[in-house]
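Asker: I'd like to go over a predicted model; first the sequence, then the structure.
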Amino acid sequence: MLKIGIITGSIRDVRVNLAVAEYFKAIADSKNLENVSFEIVDIKDYQLPIFNEALPPAMANKQYNNADVQKWSDKIDGLDGYIFITPEYNKSITSALKNNLDYIGPEFAHKSAGIVGYGSTLGIAAINSLRGILANFKLADVTPHGAFNLFTDFVDMKEFTPSEVHTPTINAVIDDVVAWGWGMKAVRENHLN
């Protein structure tokens, strides 16, 4: 079984982020892929304090003193691939997503990730920022990336209504995360244990 987490990137009370994640999950589920499951991992359910740990995550051996961090670690570690849904804030990802990523790291190693950004300039700066962070975790970032415009793919910046022109990209993000997910799972099982 391949488990793919669709990771939200915003914790705002008024957010479209969850709607984008739900849209991707509905399309992924409709593919009825054999031995593949998709779930939304909402970072709003894992609101961690500002990072202030004594050890860097790479030295923690996936064992954390804070129960909330351990819960986040266990969730991420149990997945085989990810689709990150990130808004663009000030040419980067949100502080909430960055903080959650700062707490862990080894949990992501040798897995696949797709990135979906959105913003007034398609979320491109957030996508590029997140790519750099994920590369540090030895996470295989697949392309293409989903990129949506707040003015043309949302109604009043509140309701996600992507143009049909995005359908091939949406499918490619999902399909490539799954394909690379299987490949990276084989790497983890056959070459890293």
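Answerer: Received, thanks.

Asker: bridged to residue 81, which residues?
Answerer: For residue 81, the residues forming beta bridges with it (DSSP bridges) are residue 4, residue 112.

Asker: could you check the pLDDT of it?
Answerer: Listed pLDDT for residue 81 reads 99.

Asker: just the residues contacting the longest helix anywhere in the chain, thanks.
Answerer: Using DSSP state H to define each element, the chain has its longest helix at helix 167-191. Helix 167-191 is contacted from outside by 2, 4, 24, 27-28, 31, 33, 36, 80-83, 110-116, 140, 142-147, 162, using Cβ atoms under 8 Å, 6 or more residues apart in numbering. For glycine as for every other residue, the C-beta is placed from the backbone atoms N, C-alpha and C.

Asker: where does pLDDT dip in this protein?
Answerer: Within the chain, the ranges that satisfy pLDDT under 70 run 193.

Asker: residue 85 should be in a strand, yeah?
Answerer: Yes - if the criterion is DSSP: H, G, I helix; E, B strand; the rest coil, then residue 85 is within a strand.

Asker: wait, doesn't it sit right on residue 20?
Answerer: Yes - between residue 85 and residue 20 a contact is recorded at 4.9 Å, counting by Cβ atoms under 8 Å.

Asker: could you tell me which residues touch both of these two?
Answerer: Overlap of the contact sets of residue 85 and residue 20 (by Cβ under 8 Å, 6+ apart) consists of residue 116.

Asker: tell me which of those two has more neighbours.
Answerer: Relative neighbour count places residue 85 above the other of residue 85 and residue 20, with 32 against 26, counting by other Cβ atoms under 10 Å.

Asker: which residues does that one form a beta bridge with?
Answerer: Bridge pairing for residue 85 (DSSP bridges) gives the partners residue 8, residue 116.

Asker: ok, now how distant is it from residue 21?
Answerer: Between residue 85 and residue 21 the distance is 5 Å, computed by Cβ to Cβ, to the nearest Å.

Asker: pull up the overlap in contacts between these two.
Answerer: Joint contacts of residue 85 and residue 21 (Cβ under 8 Å, 6+ apart) are 6, 7, 8.

Asker: next one: phi and psi at residue 19?
Answerer: Reported as degrees, to the nearest 10, the phi and psi values for residue 19 are phi -60, psi -40.

Asker: and it, how many neighbours?
Answerer: A count of nearby residues for residue 19, using other Cβ under 10 Å, gives 15.

Asker: cool, residue 168 as well?
Answerer: Residue neighbour count, defined by other Cβ under 10 Å, stands at 10 for residue 168.

Asker: ok, and for the helix or strand containing residue 40, which residues are buried?
Answerer: The secondary structure element spanning residue 40 is strand 36-41 (assigned by DSSP states H and E). In terms of neighbour count (16 or more other Cβ atoms under 10 Å), strand 36-41 has its buried residues at 36, 38, 40, 41.

Asker: so residue 73 versus residue 139, what's the distance?
Answerer: 15 Å.

Asker: repeat for residue 161
Answerer: Spatial separation of residue 161 from residue 139 under the definition Cβ to Cβ is 30 Å.

Asker: cool, thanks, signing off.
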